[in-house]
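Novice: Sharing a sequence plus its predicted fold:
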Amino acid sequence: MSALKTLAAALLLGGSAMAMAANDGQTRVNELLSSDPHYRETWEGVVKKEERLPEWVMNLSGTPDQQMNAVTEDGDKYLVGPLCESQDKCLNHRLIVAFSFDKKHAYAMLVDVPEGLPADKSPTRHATYRFLGKPDQGMQDLLMETLKKDPNWY
């Protein structure tokens, strides 16, 4: 009987892990604050002391560029994804957001590229970067690497 209980527990745990893996990447940044009050509370803690942030950043209400992904940084797991001010301004105004799995920490990188930049000019060379949430160097690198995965970013 004990072997049957062990098998059942293993199946339940395996099913939970598979459910978590299946859910990986199904969330979009603009859905986070309404999906769980812990996300909202953590994000408000990040932006409350910041000055002159656009409303779409304060509320994470922009247009998601893609789904979020689970990423590990320094042994901790984060849900990471991009958000654009709007679909037509994604190259110019975007935010890369990272929330810890426990929803207690959030970090972001606000990226601004001057509008009207000629197509032959690299956005990388003309961008300004602003980090939110006091990310350490490892987290800053993770946010930057997420940005670099965009095929339109060169």
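Specialist: Now that the structure is in, tell me what you want to look at.
Novice: contacting residues around residue 74?
Specialist: residue 138 (Cβ atoms under 8 Å, 6 or more residues apart in numbering). The C-beta positions use only the backbone N, C-alpha and C, and glycine is treated the same way.
Novice: Strands along this protein, start to end?
Specialist: In the chain, the strands defined using DSSP state E lie at 63-64, 69-73, 76-84, 93-100, 106-112, 128-132.
Novice: Between these, which one is closest to residue 52.
Specialist: Residue 52 lies closest to strand 128-132 among these, at 9.8 Å (Cβ to Cβ).
Novice: Tell me what angle the closest one forms with strand 106-112.
Specialist: Counting by axes from the mean of the first three to the mean of the last three Cα atoms, to 10 degrees, strand 128-132 lies at 160 degrees to strand 106-112.
Novice: Just checking: what are the partner strands of strand 128-132?
Specialist: If you go by DSSP bridges, strand 128-132 pairs up with strand 106-112 (antiparallel).
Novice: Let me see the mean pLDDT of the strand it pairs with.
Specialist: Strand 106-112 carries an average pLDDT of 98.
Novice: what angle do it and strand 93-100 make?
Specialist: Going by the same axes, to 10 degrees, strand 106-112 makes 170 degrees with strand 93-100.
Novice: can you give me the offset of strand 106-112 from its chain's centre?
Specialist: Offset of strand 106-112 from its chain centre (Cα atoms, centre = their mean, to the nearest Å): 9 Å.
Novice: contacts for it?
Specialist: Under Cβ under 8 Å, 6+ apart, the answer for strand 106-112 is 39, 42-43, 45-46, 53, 57, 92-100, 127-135, 139-140, 143-144, 147.
Novice: Apply the buried test to those and list what passes.
Specialist: Buried positions within these, assessed by neighbour count (16 or more other Cβ atoms under 10 Å), are 39, 42-43, 46, 53, 57, 92-99, 127, 131-133, 135, 139, 143, 147.
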